[in-house]
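1. here is the input, now give the coordinates:
(2 chains)
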2 protein chains.
Amino acid sequence: MSKKNIDKLLIFALGGVGEIGKNMYCVQYANDIIVIDSGLKFPEEDMLGIDIVIPDIGYLTENRDKVRGIIITHGHEDHIGGLPYVLKHLNVPLYATKLTMGLIEAKLKEANLLGTTNRILINSESVLSLGVLTASFFKTNHSIPDSVGVALDTPEGVVVHTGDFKFDQTPVNDQYADLHRMAEIGKKGVLALLSDSTNAERPGYTGSERSVGIEIEEVFRKAKQRVVIATFASNIHRVQQVFDAAAATNRKVTVIGRSMVNVVSIASELGYLHIPDGMLIEPEEVNKLAADRVVILSTGSQGEPMSALTRMARSTHRKIDILPGDTVIIAATPIPGNERYVGRTVDELFRIGANVIYGPGSVTGVHVSGHGSQEELKLMLNLIKPKYFIPIHGEYRMLRQHAILAESVGIPKEDIFMCDIGDTVEIQNGAARKGSKVQSGNILIDGLGVGDVGNIVLRDRKLLSQDGILVVVVTLSKQDGKILSGPDIISRGFVYVRESEGLLEEANRIVTNTLTKLMNENVNEWASLKTNVKDVLGRFLYEQTRRRPMILPIIMEV
Amino acid sequence: MSKKNIDKLLIFALGGVGEIGKNMYCVQYANDIIVIDSGLKFPEEDMLGIDIVIPDIGYLTENRDKVRGIIITHGHEDHIGGLPYVLKHLNVPLYATKLTMGLIEAKLKEANLLGTTNRILINSESVLSLGVLTASFFKTNHSIPDSVGVALDTPEGVVVHTGDFKFDQTPVNDQYADLHRMAEIGKKGVLALLSDSTNAERPGYTGSERSVGIEIEEVFRKAKQRVVIATFASNIHRVQQVFDAAAATNRKVTVIGRSMVNVVSIASELGYLHIPDGMLIEPEEVNKLAADRVVILSTGSQGEPMSALTRMARSTHRKIDILPGDTVIIAATPIPGNERYVGRTVDELFRIGANVIYGPGSVTGVHVSGHGSQEELKLMLNLIKPKYFIPIHGEYRMLRQHAILAESVGIPKEDIFMCDIGDTVEIQNGAARKGSKVQSGNILIDGLGVGDVGNIVLRDRKLLSQDGILVVVVTLSKQDGKILSGPDIISRGFVYVRESEGLLEEANRIVTNTLTKLMNENVNEWASLKTNVKDVLGRFLYEQTRRRPMILPIIMEV
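-> Numbering: from 1, shown residues only, chains lettered A, B, ... in the order given. Okay, the predicted model is just below:
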């Protein structure tokens, strides 16, 4: 019989469960903590004015001497985007594969953190000894090259984190997933699996990236004029296939959009993208070539208002116009919430007279997801054969669907842990249970401010966005409390002032009467005056307009 | 040879082309105008605080003596929702079928317009003589009963308007579409067709409503506890099938949610819904029955925050709780923009422990669209065989896809008219061309205000929602222009004041210095003081925070 462990293994997420984005997972054994990924999330629609959201890392900064390092599974924003903020407060070693590190370095450079961070390159053969924990890796297929899964050897057993993955049986550049290593890990016995739930709602298999290349080449071949293709910059396999298809159809490629130019440059420098000599041309050279010799590779597949594709669609791009008869391929599926933006871009393109290929990848053939569907998730479960299962990467409903899949391949319900951020799974002597919560939450970033916008500010922004604001200013005499000037009412975002003069005049009368009456009654504490003005004016405006603008009374005294 | 016409036929849309919603189409010949439908649109995401949007009907009110009536094709909000506003300014006869009229009357009653409107019931056999124009009708299949298409006989020929439609070969209640009448109309010759483009992007055929009934019954039969089913209240065929499935599986039904209760009552009174005796129970009776004897028919299929389903999911419904093991069916597809709301509701339901059936109808089988897909649109084009084609009901890309379908069945490109709102198609002696534009646009309704919110107000709301507002108040002396009080700075929606005291103190110093300096330079026009404060403070705040709050300087004088 084995010796009993006194310490416990803790597994928890600071981001990425119950949500899409800001992925951050932690595995702790006694005095050693490993962090996997450090992502950002884009704000939800009620987070008005917020730029990005990152995890609360209070638990990690409080235990900073225990954190042995951050391992990054791949170079997408929801896995690396939080690093500039996190590394500022937690300067620990950072482990990533070559392309992933290249993308991280571009980010750290912008944040002036390149000089102060300890970055260690890994590959799928690396073995890291991190305190009592040992990390090894396996290649996965995803919509960005150089993605890995992590196997952490702990005193309680092996914990596997898949990263984002799919199983692509015909990957581009022969970048096969490490099926054999996964099988080997599974065969040896795995204590717990954390696996990607992004597509857990989707039946069947996700298509191969290679099928996209075939379709793109077909479109290039048929197009009688120029082809514009928009896709995610980081999908380097797809970008490679655009270059390949251009070569096969005797077209030259120009690259536009800041992130596309950046990624193409980083990826080709690091050897992840192979561009034939003379294939790349400057945007200015496009007009010198025959229309059927040109491909324009662009950002903007999500209809982002400032992106290159959106500018071209609105005919406001500095260098390139789309002409009637050009073909535009939108090689992406809109992220939920972006459908309207993409729709509007498609409308504009059709108005110009372009042929537009858009819509679900299952119809167009020019896009496949980077995440495995239900059959692939079951394949992962069957390969790894974990004792305990923790679905990660997804909204609650996706985690739940993943749990249903796990049950269907024989994992007992009580061995599946549905976690919110901060929930811990404690494992001691092979037995797992939910432990106490650790600190966790959303840190909102607005401009340069990190965490200085919270619920009150957001509630005010929401109020202001609905019915605007009325500022009521009045100057009172210090001596006798009489009104010396005002009340003046200034409104913004409430009504067209010119068409509502009568309403605002009446409002002014009501405020004046209220103040006069209160003063006659010798009510002159400011708080009470303000509350009365708010109430009376608010009621009047609601009766007249059925709107509830924010009312801000300001009393000056001279 | 036929006599030449001196007058022209005009066809135009005041709403419903280049957009989804606020449908309103007009056919004019000389002094006779017929209006088809009078809908509303829900606000786009940049129309902050707006409740609904209706068409600008300036052209109709200017020509009010020519308007012979408004014909309504069916009772959905995007076809009838504008009536309370339109009839207030344009009291003309209103023509609608029985159920449609029932739904309209509920609306007019709320708006106190029931006494003053001239309402005429029609059915699919009606023939209306409206000036030189004659209207007849044909039944269509749609997701609400009693839907019709319109054939208008004009001196130039017949104009057909399909309304919303699909071809359901196995409709509920044997409500078959008038295929034979459509064929007859087509055979006699049609000048122009206006046809529904909502699903023009979707290949194939739309499923039959009956298939939904079969699936629902299957779910009811398998469910071991209560079933909650949320769907659109107006989809009375589906509601009928819920009652039928409940009868077949020995369950009783309770109805919750205001619009569901209303529509069930109107539809059963008018004979469109047949509820077996004793089948309907009050929500209070639910707990008296065994769980597997209950169906709860509810609103909230779009995850609307105040709907019955959302309240139940959050355990805040007054009368009904959802329990672990209950089955919840969301029998609808999220309208673009609502995906997140529906997703959140599903998350909450899963957290409670319910089994949730949700997702695309093609996967779940519990929902089909009410609009025809590409093959059905081609069938309509082939039945009606119009000389000219005007795609309607859709964003530009949907109209464009419909135009592509029309070309594919042999309509020449030059005979297809892509219209924006206000564009006219002029037809004279059989020849059609784009004519001059008529007045058109969006009227925004916010609370009781109709048209008192426009671009400036919306721009301010947008600004306020992003970074909030800073109000800067200062009281100056009338005599010498000196500062008597202030400057005071009050912010809302900008930063947490408590955590940003230093920032706001510094801002105050900067404003004071700016004002003092200007006054020393004898700059004392208010406009110039205000502009300077705005500029200096705006620049400071942007440097410090990268935010651009609205800055509202107010100068008081005593």
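
2. report the angle between the longest strand seen in chain A and strand B:483-492.
-> Selection of the longest strand in chain A by residue count, based on DSSP state E, yields strand A:483-492. Angle between the axes of strand A:483-492 and strand B:483-492 is 30 degrees (criterion: axes from the mean of the first three to the mean of the last three Cα atoms, to 10 degrees).

3. tell me the mean pLDDT over strand A:483-492?
-> What strand A:483-492 shows for mean pLDDT is 88.

4. neighbouring strands - and their directions - for that strand?
-> strand A:469-476 (antiparallel) (DSSP bridges).

5. starting at the chain centroid, how far to the partner strand?
-> Distance, stretch centre to chain centre, for strand A:469-476: 42 Å (Cα atoms, centre = their mean, to the nearest Å).

6. now tell me what touches that strand from outside.
-> Residues outside strand A:469-476 that contact it (Cβ atoms under 8 Å, 6 or more residues apart in numbering or on different chains) are A:482-494, A:507, A:511, A:515, A:533, A:537, A:541, A:549-558, B:464, B:469, B:471, B:473, B:475, B:485, B:492, B:552, B:554, B:556, B:558. Every C-beta, even on glycine, is put in place using the N, C-alpha and C of the backbone.

7. quote the end-to-end distance of stretch A:347-364.
-> 17 Å (Cα to Cα, to the nearest Å).

8. if I pick A:Ile322, what's in contact with it?
-> By Cβ under 8 Å, 6+ apart, the neighbours of A:Ile322 are A:226, A:228, A:312-313, A:315, A:328, A:349, A:352, A:354.

9. what's the closest non-adjacent residue to it?
-> Spatial nearest neighbour of A:Ile322, excluding adjacent residues (Cβ to Cβ, 6 or more residues apart in numbering or on different chains): A:Met312 at 5.0 Å.

10. for the helix or strand harbouring that neighbour, C-alpha coordinates in CSV please.
-> According to DSSP states H and E, A:Met312 maps onto helix A:308-313. Output of helix A:308-313 as CSV, limited to C-alpha atoms (Å, rounded to 0.1, in the frame of the first residue of the first chain):
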residue,chain,number,x,y,z
ALA,A,308,-9.5,46.9,-43.6
LEU,A,309,-12.4,45.0,-45.1
THR,A,310,-15.0,47.3,-43.5
ARG,A,311,-13.1,50.3,-44.9
MET,A,312,-12.9,48.8,-48.3
ALA,A,313,-16.7,48.0,-48.2
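
11. quick check: next helix or strand after that helix?
-> Counting by DSSP H and E, what follows helix A:308-313 is strand A:327-330.

12. which strands border that following strand, and is each parallel or antiparallel?
-> Strand A:327-330 sits in its sheet next to strand A:227-230 (parallel), strand A:355-357 (parallel), going by DSSP bridges.

13. winner for burial among those strands?
-> strand A:227-230 (a mean of 28; mean count of other Cβ atoms under 10 Å in any protein chain shown).

14. CSV for the strands paired with strand A:327-330, including mean pLDDT?
-> Listed next are the strands paired with strand A:327-330 as CSV, based on pLDDT from 0 to 100:
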stretch, mean pLDDT
strand A:227-230, 97
strand A:355-357, 96
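
15. can you add distance to B:Thr333 and give these back as JSON lines?
-> Shown next, in JSON lines, are the strands paired with strand A:327-330 (distance: least, Cβ to Cβ, whole Å):
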{"stretch": "strand A:227-230", "distance to B:Thr333": "26"}
{"stretch": "strand A:355-357", "distance to B:Thr333": "23"}
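
16. ok, back up a step: among the contacts of strand A:469-476, name the buried ones.
-> Using 16 or more other Cβ atoms under 10 Å in any protein chain shown as the burial test, the contacts of strand A:469-476 include A:484-494, A:507, A:511, A:515, A:533, A:537, A:541, A:549-558, B:464, B:469, B:471, B:473, B:475, B:485, B:492, B:552, B:554, B:556, B:558 as buried.

17. which ones are touching A:His21?
-> For residue A:21 the amino acid is Gly, not His. A:15, A:39-42, A:53, A:78.

18. quick one: contacts for A:Asn5?
-> A:155-156, A:428-429.

19. ignore the last one, A:Ile490
-> Neighbours of A:Ile490 in contact, by Cβ under 8 Å, 6+ apart: A:470-471, A:473, B:552, B:554.

20. which one of these is nearest B:Glu217?
-> A:Leu470 (55.7 Å; Cβ to Cβ).

21. for that closest one, give its distance to chain B.
-> 11 Å (Cβ to the nearest Cβ, to the nearest Å).

22. quick check: closest non-adjacent residue to that residue.
-> Closest to A:Leu470 by Cβ to Cβ, 6+ apart is A:Ser491, at 4.7 Å.

23. hmm, that neighbour is touching A:Pro549, no?
-> Yes. When contacts are counted by Cβ atoms under 8 Å, A:Ser491 is listed as touching A:Pro549 (7.1 Å).

24. tell me, what's touching these two both at once?
-> A:468-470.

25. by mean pLDDT, which helix or strand of chain A comes out lowest?
-> strand A:449-450 (a mean of 79; mean pLDDT, DSSP states H and E).

26. how far is that strand from where the chain is centred?
-> Worked out by Cα atoms, centre = their mean, strand A:449-450 lies 18 Å from the chain centre.
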